[in-house]
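# Quick one, structure for this:
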Amino acid sequence: MKEQVIRANGIELYTESVGNENNPAILLIAGATVSMLFWDAEFCERLAEKGLFVIRYDNRDVGKSTFYEPGLTPYDIVDLTDDAILILDGYNIDKAHFVGLSLGGLISQIASIKYPGRVKSLTLISTGPWGDSDPTIPEMDTRILDLQSKSGTVDWTQEDSVVNYLIQSAELMCGAKKFDKQRSEKLIIAEFNRANNYLSMFNHAALGGGEAYWNKLNEINQPTLIIHGTDDKIWHYKNAGVLLEKIKGSKLITLEGTGHELRFDDWDLIIDSIEEHINNQNDLNTQVS
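Alright, predicted model coming up:
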């Protein structure tokens, strides 16, 4: 992985890339409170082996990017969307295929509406619509909210205390399949030791904005692939159906028994599906030209 820090508008965005720069570019956008490490290096390398130029990066307040003191969120979701475009500018990329998970999926939707010329296609993983959903769809699982209410008991300066707490969260995020505790612990420890200011990640909880792009999914014209697990406890699986209905021409890949996670045993299906999705666009462009 090759690192590059994008500096613009008074902020720094830490990025890493892998693959041939002449290949189609894919921008991986992670969810709230997690850094680019959520996109495992091996996952990125396997995407690159499919003939893609892959970029992962830290959003503000996670990893090595610009951070603010805990309790301060002087930016909104549109600023995070603008950050994604700054990264494309920093790499001199005109258009990229956006792959967003959870919050990253919302950012990707806003980007496709605000910057339609910069987003070549969308892959939306474990996310919901940037707009009204079906009111009958269950909200976040109450067990996650109960665990979050205990965060005040954690010593956030001590690795062991953080790991013991967040491993419970990771297990809750897991679906019906076996929980990979070892892989989750490794990620938590890496995030803890790498962050500029670990507690700043919780600033994402106060994220607002984006009203100008709310309920405009009918304006999304980019080819869209939706990938969602049937056991997602953050964004209920039925949200995938709402996206499928509201984004014209979109397609759905269902991950049976998967929760709000990027499971190692789902990688093959996810990577192959993204490759096919992108190659279909490239084939169409070739036919048109």
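
# could you pull out the strands for the stretch 101-250 of the chain?
Ranges of strands within the stretch 101-250 of the chain are 119-125, 224-229, based on DSSP state E, counting those that start in this stretch.

# As a markdown table, those strands with distance to Ile167 and mean neighbour count would be great.
The way it works is simple: take the backbone N, C-alpha and C, and place the C-beta from them, glycine included. As requested, these are exported to a markdown table (distance: least, Cβ to Cβ, whole Å; neighbours: other Cβ atoms under 10 Å):
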| stretch | distance to Ile167 | mean neighbour count |
| --- | --- | --- |
| strand 119-125 | 22 | 26 |
| strand 224-229 | 19 | 25 |
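
# okay if I get those strands as TSV plus distance to Gly175 and mean pLDDT?
TSV is the format used below for the strands of the stretch 101-250 of the chain (distance: least, Cβ to Cβ, whole Å; pLDDT from 0 to 100):
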stretch	distance to Gly175	mean pLDDT
strand 119-125	14	98
strand 224-229	5	98
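
# just so I know, which of the ones you listed lies nearest Glu171?
When the strands of the stretch 101-250 of the chain are compared by Cβ to Cβ, strand 224-229 sits nearest Glu171, at 14.8 Å.

# Dump the closest one to CSV, restricted to CA.
The C-alpha trace of strand 224-229 is given here as CSV (Å, rounded to 0.1, in the frame of the first residue of the first chain):
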residue,chain,number,x,y,z
THR,A,224,-25.7,1.1,-8.4
LEU,A,225,-25.0,-2.2,-6.7
ILE,A,226,-26.5,-2.8,-3.3
ILE,A,227,-24.9,-5.4,-1.0
HIS,A,228,-26.6,-6.2,2.3
GLY,A,229,-26.5,-8.9,5.0
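
# Pull up the pairing partners for that strand, direction included.
When sheet partners are counted by DSSP bridges, strand 224-229 sits next to strand 119-125 (parallel), strand 251-255 (parallel).

# For the residue lying closest to Ser161 once chain neighbours are set aside, give me phi and psi.
Using Cβ to Cβ, 6 or more residues apart in numbering and skipping residues adjacent in sequence, the residue nearest Ser161 is Asp155, 4.0 Å away. With angles defined as degrees, to the nearest 10, Asp155 sits at phi -90, psi 100.

# got a list of what the closest residue to Asp232 other than its chain neighbours touches?
Spatial nearest neighbour of Asp232, excluding adjacent residues (Cβ to Cβ, 6+ apart): His260 at 4.8 Å. Contacts for His260 (Cβ atoms under 8 Å, 6 or more residues apart in numbering) come out as 102, 126, 173, 229, 232-235.

# His260 and Ile271: what is the separation?
His260 is 19 Å from Ile271, where distance means Cβ to Cβ, to the nearest Å.

# coming back round to it: okay, the strands of the stretch 101-250 of the chain in TSV with distance to Asn280 next?
Shown next, in TSV, are those (distance: least, Cβ to Cβ, whole Å):
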stretch	distance to Asn280
strand 119-125	9
strand 224-229	9
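
# Which parts of this protein are helices?
Secondary structure of the chain (DSSP state H): helices at 41-48, 77-90, 103-114, 142-148, 159-173, 181-194, 238-246, 267-288.
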